[in-house]
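Peer 1: below are the sequence and a predicted model for it; my questions follow.
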Amino acid sequence: MDVLHISDVRETGASVKLRGWVHRKRVSGGIAFIVIRDRTGTIQVAVKKDGVDPESWRAAEAVTVESSVEVNGIVKADPRAPTGYEVQASSFSSTAISEPYPITEYQSTELLLDKRHLWLRSQGMTAVMRARSYVFRHAREFLDGQEFFEVTPPVITSAGGETGADLFEVDYFGKKAYLTESSQLYAEAMIFSLERVYSFVPSFRAEKSRTTKHLAEYWHLEPEMAYFDNEMNMKLQEGLISHIATKLASEHGDVLKVLNVDRASLERIKPPFKRLSYEDAISILNGKGFKLKWGDDLGVEEERAITADEDKPIFICNWPKEIKPFYMPINPDDPRTVVCSDMQAPHGHGEIIGGSERIWKYEELIARMREVEKAKGVKFNMDNYGWWIDLRRYGSVPHAGFGMGIERVIKWMLNLDHIRDAIPFPRMSNRLEP
């Protein structure tokens, strides 16, 4: 008999075989009521002492929470059960008996993080990890449908993609190297052959931030497109986010139900998204009681305030050049700013995408790098950046791209309290294990 998943148990009177883990157990009057779980849900199994062989009954009595088990039985209708069914066991066996499980109800956040390798079995975390996989799948699905090629850049690099600050340094056979904070530079190299590319690999930031939206290691989706301008860039981002949200709502309602996510909140994520200039955003925030001046960045509180009443993401465009990376071109309509946009998730979940046009002319890029060196008192290692600068010398074209933090998107779409629950094993400034 084929093994079924719990979600496939739908036919009263059918003979089924299930495998899973013990979620709960109660023995009363010669009947063991054992709730088992698999990746699709839970179901109650009734093991009657006089309805199974002695070995099955001994196994049912002996199992503990989180023991792995196998059940053969007949499906019975049970309107009290979550799925509407239970299984009357004809045989029951254990694959491995669990020791006393160290996680019980009402545990501290720190203990759950210490025992993350076990807490991932919980129904909530199982649902999040399923949703995470679906977000990855649908992001790739959208970009593949837009004639993109997925590329695989190196994670160990000699140069930073943005400022070069807050990088994890590694010893690379006696040379100084870094874990990448962005694969953008390598993706740019690929557009001159493939035109539209994306990378989907981990990035690393050595920031000591301990907010609800920061990770030291996160998964970074970075598309790069030849002949795209900033407006085309934003429209692509709108399409991507809308596609992921729509697919979650239409195809994965069972997961959303476990997490108490309102499907309608995702169904309304449709283009176009509101666009604000940085200047307008500052004005709006100051109208809400903030005291911001030109050139100030937006922190967690500012992001929360400007998106609190939004049901869809918004773009904040054309930021001051002093607070954005050196590769963004100066805005011809306002030389104080660069041609870029940040997508902010609604209801205070914060920035999820940063994108811009790229400086594509050699002389302009060199001039901008020198300007940044003078303004910030830094020095670019031109040996490390030489290959990337070369791209502007051999048939360059206008291009644009963006970076999306996948855990931030998951946090927002699933309405999670903290980004650490959007990734299986979070790496933060205060956590390296398990």
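Peer 2: That came in fine, so what should we check first?

Peer 1: over to residue 44. Which of the three states is it?
Peer 2: Under DSSP: H, G, I helix; E, B strand; the rest coil, residue 44 falls in the strand class.

Peer 1: how many other residues sit next to it?
Peer 2: Using other CB atoms under 10 Å, residue 44 has 20 neighbouring residues. Bear in mind the C-beta positions are built from the backbone N, C-alpha and C, glycine included.

Peer 1: same thing with residue 176?
Peer 2: 11.

Peer 1: now the helix or strand hosting it: buried residues?
Peer 2: If you go by DSSP states H and E, residue 176 is part of strand 175-179. Buried residues in strand 175-179, counted by 16 or more other CB atoms under 10 Å: 177, 178, 179.

Peer 1: and these, which is closest to residue 379?
Peer 2: Nearest to residue 379 among those: residue 178, at 16.3 Å, using CB to CB.

Peer 1: give the contact list for the closest one.
Peer 2: By CB atoms under 8 Å, 6 or more residues apart in numbering, the residues touching residue 178 are 156, 157, 158, 159, 160, 167, 168, 169, 170.

Peer 1: just residue 203 next, same as before
Peer 2: So residue 203 contacts 180, 181, 182, 183, 217, 218, 219, 220, 403 (CB under 8 Å, 6+ apart).

Peer 1: after the helix or strand containing it comes which helix or strand?
Peer 2: Assigned by DSSP H and E, residue 203 belongs to strand 196-204. Next along the chain after strand 196-204, taking DSSP H and E as the criterion, comes strand 217-226.

Peer 1: the following helix or strand past that following strand to strand 196-204, inter-axis angle?
Peer 2: Heading C-terminal from strand 217-226, the first helix or strand you meet, by DSSP H and E, is helix 230-251. An angle of 80 degrees separates the directions of helix 230-251 and strand 196-204 when computed by axes from the mean of the first three to the mean of the last three CA atoms, to 10 degrees.

Peer 1: which other helices and strands does helix 230-251 contact?
Peer 2: In this structure, helix 230-251 packs against helix 123-145, strand 217-226, helix 253-258, helix 263-267, strand 340-345, strand 350-358, strand 399-405, helix 406-413, with contacts taken as 3 or more CB pairs under 8 Å, 6 or more residues apart in numbering; DSSP states H and E.

Peer 1: would you list these in a markdown table and tack on distance to residue 242 and mean pLDDT?
Peer 2: Formatted as a markdown table, the helices and strands packed on helix 230-251 follow (distance: least, CB to CB, whole Å; pLDDT from 0 to 100):
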| stretch | distance to residue 242 | mean pLDDT |
| --- | --- | --- |
| helix 123-145 | 9 | 98 |
| strand 217-226 | 15 | 98 |
| helix 253-258 | 16 | 96 |
| helix 263-267 | 9 | 97 |
| strand 340-345 | 12 | 98 |
| strand 350-358 | 13 | 97 |
| strand 399-405 | 13 | 98 |
| helix 406-413 | 12 | 98 |
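
Peer 1: residue ranges for the strands of the stretch 1-150 of the chain, please.
Peer 2: All strands of the stretch 1-150 of the chain, identified by DSSP state E, counting those that start in this stretch, fall at 3-4, 15-28, 31-38, 41-48, 68-77, 85-96, 149-151.

Peer 1: of the ones you listed, which is nearest residue 204?
Peer 2: Counting by CB to CB, residue 204 lies closest to strand 149-151 out of those; the figure is 18.7 Å.

Peer 1: angle of the helix or strand following the strand holding residue 176 against strand 217-226?
Peer 2: The helix or strand immediately downstream of strand 175-179 is helix 184-194, counting by DSSP H and E. Orientation check (the same axes, to 10 degrees): helix 184-194 against strand 217-226 gives 40 degrees.

Peer 1: what strand or helix carries residue 306?
Peer 2: helix 300-307.

Peer 1: elements contacting that helix?
Peer 2: helix 278-287, strand 314-317, strand 340-345, strand 350-358.

Peer 1: nearest to residue 129, of the ones you listed?
Peer 2: It's strand 350-358; of the helices and strands packed on helix 300-307, that one is closest to residue 129 (CB to CB) at 19.5 Å.

Peer 1: ok, then the element right after that closest one?
Peer 2: Per DSSP H and E, the first helix or strand lying C-terminal to strand 350-358 is helix 362-376.

Peer 1: buried set for that next one?
Peer 2: 365, 368, 369, 372.

Peer 1: try stretch 402-415
Peer 2: For stretch 402-415, using 16+ other CB under 10 Å, the buried residues are 402-414.

Peer 1: stretch 344-360 too?
Peer 2: Quick answer for stretch 344-360 (16+ other CB under 10 Å): 344-346, 348-360.

Peer 1: residue 111: which of the residues you listed is nearest?
Peer 2: residue 349 (26.2 Å).

Peer 1: surely residue 368 is in contact with residue 325?
Peer 2: No. Between residue 368 and residue 325 there is no contact under CB atoms under 8 Å: 10.0 Å.

Peer 1: low pLDDT regions in the stretch 151-300 of the chain?
Peer 2: In the predicted model of the stretch 151-300 of the chain, residues 160-165 satisfy pLDDT under 70.

Peer 1: can you give me how far stretch 359-378 is from the chain middle?
Peer 2: With CA atoms, centre = their mean, to the nearest Å as the basis, stretch 359-378 stands 33 Å off its chain's centre.

Peer 1: same thing with stretch 9-28?
Peer 2: On CA atoms, centre = their mean, the centre of stretch 9-28 falls 33 Å from the chain's centre.

Peer 1: same question for stretch 66-73.
Peer 2: Going by CA atoms, centre = their mean, where stretch 66-73 is centred and where its chain is centred differ by 33 Å.

Peer 1: now, which of the buried residues of strand 175-179 sits nearest residue 118?
Peer 2: For the buried residues of strand 175-179, the nearest to residue 118 is residue 179 (28.1 Å; CB to CB).

Peer 1: the closest one reaches residue 158, doesn't it?
Peer 2: No. Applying CB under 8 Å, one finds residue 179 not in contact with residue 158, separated by 11.6 Å.

Peer 1: so which of the contacts of residue 203 wins on neighbours?
Peer 2: residue 183 (28 neighbours).

Peer 1: ok, now which ones touch that one?
Peer 2: Counted by CB under 8 Å, 6+ apart, residue 183 has contacts 153, 161, 199, 201, 203, 220, 222.
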